[in-house]
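# show me how the following folds:
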Amino acid sequence: MTDWLGMAASPRSPPPELKARVLARALERRRWMWALAAAALLVVLAGGGGAYWASRTIRGLSAERDTLATRLAALEDTVNSFLHGTATRLVQVPVSTGGRLGAVTIFADEARHRWLVRCDGLAPNEPDQAYQLWFITDKGMRTAAIMPMDQDRPMVMALEMPAGDAQVMGAAMTIEQRAGSAEPRGPLVFHRLL
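Residues are numbered from 1 along each chain as shown. Below is the predicted model of the structure:
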């Protein structure tokens with residue numbers, strides 16, 4: 001609007017040092033933008049890699065949890081069938097080993113021909129010895145399990161009753177050599193008819 005009056009300033013070229021400064025600042029800003037873009041890309045890649053690792057770890061742990069839950073349910077089912085079965089007989093035998101009072105608890109399931117045995121308070125074995133559990137049958141003594149107890153902790157095990165025509169009438173426990181024996185030879189811990 002002032003140009004028609006002739007008052008406008010005539011265009012001039014900027015001094016060369018100002019032009020150089022403006023161009024240097026523009027190029028510097030571009031380099032800074034590239035560095036910022038590269039840093040943002042690095043953050044995105046690291047975040048994506050971390051998310052992939054986390055999702056893979058979560059999937060693996062979820063699968064392991066599901067496997068453990070399935071195993072736990074099966075074990076609970078087994079224990080509940082022992083404890084609450086109509087054909088289950090509970091026998092608790094107090095024992096004394098190494099001057100300590102303990103107990104052997106037998107859940108005898110006659111319907112499934114299995115025993116669940118828990119040993120509490122038994123003294124740990126000597127390095128060359130083990131407890132050996134026996135089935136007392138009408139055909140004689142048959143080995144049920146060899147139990148090396150190296151630690152002072154309860155032991156739990158499930159046992160299948162002897163196959164064949166032998167009738168189980170009771171249980172016994174002896175202290176035998178670490179490998180066990182075919183017949184009871186060591187000191188008797190208990191002998192109990194069911």
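# tell me where this protein has strands.
88-97, 100-109, 114-120, 129-137, 140-147, 155-160, 168-177, 188-193 (DSSP state E).
# possible to save the ones you listed as a markdown table with distance to Met33, mean pLDDT and mean neighbour count?
Where C-beta positions appear, they are placed from N, C-alpha and C, glycine not excepted. As requested, these are arranged in a markdown table below (distance: least, CB to CB, whole Å; pLDDT from 0 to 100; neighbours: other CB atoms under 10 Å):
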| stretch | distance to Met33 | mean pLDDT | mean neighbour count |
| --- | --- | --- | --- |
| strand 88-97 | 78 | 89 | 15 |
| strand 100-109 | 76 | 90 | 18 |
| strand 114-120 | 72 | 90 | 20 |
| strand 129-137 | 76 | 94 | 21 |
| strand 140-147 | 74 | 92 | 16 |
| strand 155-160 | 68 | 89 | 14 |
| strand 168-177 | 81 | 93 | 19 |
| strand 188-193 | 83 | 92 | 15 |
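# now for these, which one comes closest to Ala35?
Of all the strands of the chain, it is strand 155-160 that lies closest to Ala35, at 64.5 Å by CB to CB.
# what's the angle between that closest one and strand 114-120?
160 degrees (axes from the mean of the first three to the mean of the last three CA atoms, to 10 degrees).
# ok, now which ones touch Met51?
Check again: residue 51 is Ala, not Met. If you count contacts by CB atoms under 8 Å, 6 or more residues apart in numbering, Ala51 has none.
# and the chain, split by domain according to the record?
According to automatic domain parsing, the chain comprises the domains 14-84, 88-193.
# any idea of the mean pLDDT for the shortest one?
Which is domain 14-84. Average pLDDT, domain 14-84: 82.
# chain center to that domain: distance?
Its chain's C-alpha centre and that of domain 14-84 lie 27 Å apart, by CA atoms, centre = their mean, to the nearest Å.
# the longest one now?
Average the C-alpha atoms of domain 88-193, do the same for its chain, and the two points are 28 Å apart (CA atoms, centre = their mean).
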